[in-house]
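[1] this is the structure alone, sequence omitted:
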């Protein structure tokens, strides 16, 4: 019996988010929905992440309507997947259980079959509520362990710690660390565990060793999720397959590679050689890929790569012998754990398919590509690009001081922004941390949860004014106001629970979106009323025109009409009846 590998397609969420800043409109998504009914993918990621925020902010679309539309078209032919940040759900603020419960209930009822739940600190306490509610309403809880690496400390950092009689911590993010987190999440009731490597930093060798350990000690299915930015993605995915992973995240060719996930098509080629069954309909995937290429042209303004991989239809196209041989070599190198040779083979395969070269800056900096570009953008806005290298040097010390948070959204952005602030402080001759963001203060204070290592109480006092870790108390949470717009006929900003959830989770963006939606709803109602009045006016006018002159005079005298109709009266005045 053939071994089975389940494929989770991430094209419509992670793929478009990684490559096109989540700019796919509902109209564009509709072009492929019917095809997705027969792909054979185990799961299809369509919601969560940046989708709700981006489509309200940039496309003026309702996130719940998007999910409803996708579920109506695809149904249960594949499990629809969403991504959420544990107790933070989508933003930076922790939420009380009632908000998490409402979000999970509405998500599952709207078609989400699997909720992938992660916490930026890998604090298992922060995922408990979401796991409980997702399972309560019939969904599967996919608990994600965020992969990260220990900082590379500079000589300056090492000298500074010796001067202050401190010691740099031993390695924290070992395979034993990730296994421990996976065990904790399995104990919570996770239906599957994902190793979520959003920065693409896990090397092939580490992937193989971690996967073997997980398969030995974890009983629920293991999913592997990575990206291709630094150049490890394809090779690490192959090592995950060889070492027993149950589910693999891929994107369809046109939306794969670079900052996105590995391409399904290349993974399928590897599986064919390994005699592994995926159950995916290759012809349907080729048809979707053809549509996606046209959509990619439409999204060119948002395309972060500006290049599209070559067309490759698994049902008809053949690899050149040299590339086919590279696949076999890559498999052999993965089995022998010869990492350098494996990476060379995979990079040549990706080059033939037309994918970009590995991003050496991101690889060397060991951080997510988005974190790197955000820091550069922040410095450019201030005309301080010259501080980029110093900012990169500061990241390990800033991260260490904050308790070594994994570099994953939102902590990657918090640490990156603070490193920029520290570089600017230093440039101005001020002590570092003179300028600090409220998010960094909250991270150090303990608002977001437990960090992988303890924050020095003296540093916490310096930054947050308290020595003890101070978690966020959800009892003080204040629900977002839901104003009534008298100018729009007394309509509320949030008309129902789903609107209220948008307002809670995305206060500023949802306010503007819902206000516009309320105005449009009011104007639609006014238009409908005017249309009905016009219809009745036309109906009465027709009745009047059909009367004889004698009947018109008679009815006028009886008070049935309040004025005579003339051939010149075309105004929209209503016809009164007494």
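    Yes, it's here. Here the structure is a predicted model, which means the values were calculated and not measured.

[2] from now on I want contacts and neighbour counts done on CA atoms only, so please keep to that.
    OK.

[3] where do the strands of the stretch 101-250 of the chain begin and end?
    112-117, 140-146, 192-197, 222-226, 247-250 (DSSP state E, counting those that start in this stretch).

[4] list of residues touching the last one?
    Right, strand 247-250. 5-11, 221-226, 237, 241, 256, 261-264 (C-alpha atoms under 8 Å, 6 or more residues apart in numbering).

[5] could you do the second one as well?
    Residues from elsewhere that reach strand 140-146 (C-alpha under 8 Å, 6+ apart): 113-120, 122, 127, 131, 134-135, 178, 181-182, 185, 189-198, 406, 408.

[6] repeat that for stretch 74-92.
    By C-alpha under 8 Å, 6+ apart, the list of residues contacting stretch 74-92 from outside reads 33-34, 36-38, 40-50, 71, 94-96, 100, 111-120, 126-130, 410, 439, 505-506.

[7] make a markdown table out of the strands of the stretch 101-250 of the chain and add mean neighbour count.
    A markdown table is the format used below for the strands of the stretch 101-250 of the chain (neighbours: other C-alpha atoms under 10 Å):
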| stretch | mean neighbour count |
| --- | --- |
| strand 112-117 | 26 |
| strand 140-146 | 27 |
| strand 192-197 | 24 |
| strand 222-226 | 24 |
| strand 247-250 | 26 |
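
[8] nearest to residue 467, of the ones you listed?
    Closest approach to residue 467 among the strands of the stretch 101-250 of the chain (C-alpha to C-alpha): strand 140-146, 27.5 Å.

[9] and that closest one, which strands flank it?
    Paired neighbours of strand 140-146 in the sheet (DSSP bridges): strand 112-117 (parallel), strand 192-197 (parallel).

[10] distance to residue 543 and mean pLDDT added to the strands of the stretch 101-250 of the chain, as JSON lines?
    Below are these laid out as JSON lines (distance: least, C-alpha to C-alpha, whole Å; pLDDT from 0 to 100):
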{"stretch": "strand 112-117", "distance to residue 543": "54", "mean pLDDT": "98"}
{"stretch": "strand 140-146", "distance to residue 543": "62", "mean pLDDT": "98"}
{"stretch": "strand 192-197", "distance to residue 543": "70", "mean pLDDT": "98"}
{"stretch": "strand 222-226", "distance to residue 543": "70", "mean pLDDT": "98"}
{"stretch": "strand 247-250", "distance to residue 543": "66", "mean pLDDT": "98"}
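
[11] how near is residue 56 to residue 295?
    From residue 56 over to residue 295 the distance is 20 Å, taken as C-alpha to C-alpha, to the nearest Å.

[12] more crowded one of these two?
    residue 56 (20 against 17; other C-alpha atoms under 10 Å).

[13] host element of the more buried one?
    Assigned by DSSP states H and E, residue 56 belongs to helix 51-59.

[14] looking at the sheet around the closest residue to residue 49 other than its chain neighbours, what are its partners?
    With C-alpha to C-alpha, 6 or more residues apart in numbering as the criterion, residue 49 has its nearest non-adjacent residue at 5.4 Å, and that residue is residue 83. Here residue 83 sits in beta bridges with residue 48, residue 116, as judged by DSSP bridges.

[15] low-confidence ranges, this structure, go.
    By pLDDT under 70, the weakly predicted segments of the chain are 154-167, 527, 556-578.

[16] centre of the chain to the lengthiest helix in it, how far?
    Looking across the chain with DSSP state H, the single longest helix is helix 507-545. How far helix 507-545 lies from its chain's middle: 36 Å, per C-alpha atoms, centre = their mean, to the nearest Å.

[17] next, the buried residues of the helix or strand that comes right after that helix.
    Towards the C-terminus, the helix or strand next in line after helix 507-545, according to DSSP H and E, is helix 549-557. Buried residues in helix 549-557, counted by 16 or more other C-alpha atoms under 10 Å: residue 552.

[18] and helix 549-557, what does it pack onto?
    With contacts taken as 3 or more C-alpha pairs under 8 Å, 6 or more residues apart in numbering; DSSP states H and E, helix 549-557 sits against no other helix or strand.

[19] tell me the angle of it relative to helix 507-545?
    If you take axes from the mean of the first three to the mean of the last three C-alpha atoms, to 10 degrees, helix 549-557 sits at 130 degrees to helix 507-545.

[20] packing partners of the helix holding residue 56?
    Counting contacts by 3+ C-alpha pairs under 8 Å, 6+ apart, helix 51-59 is packed against helix 63-74, helix 507-545.
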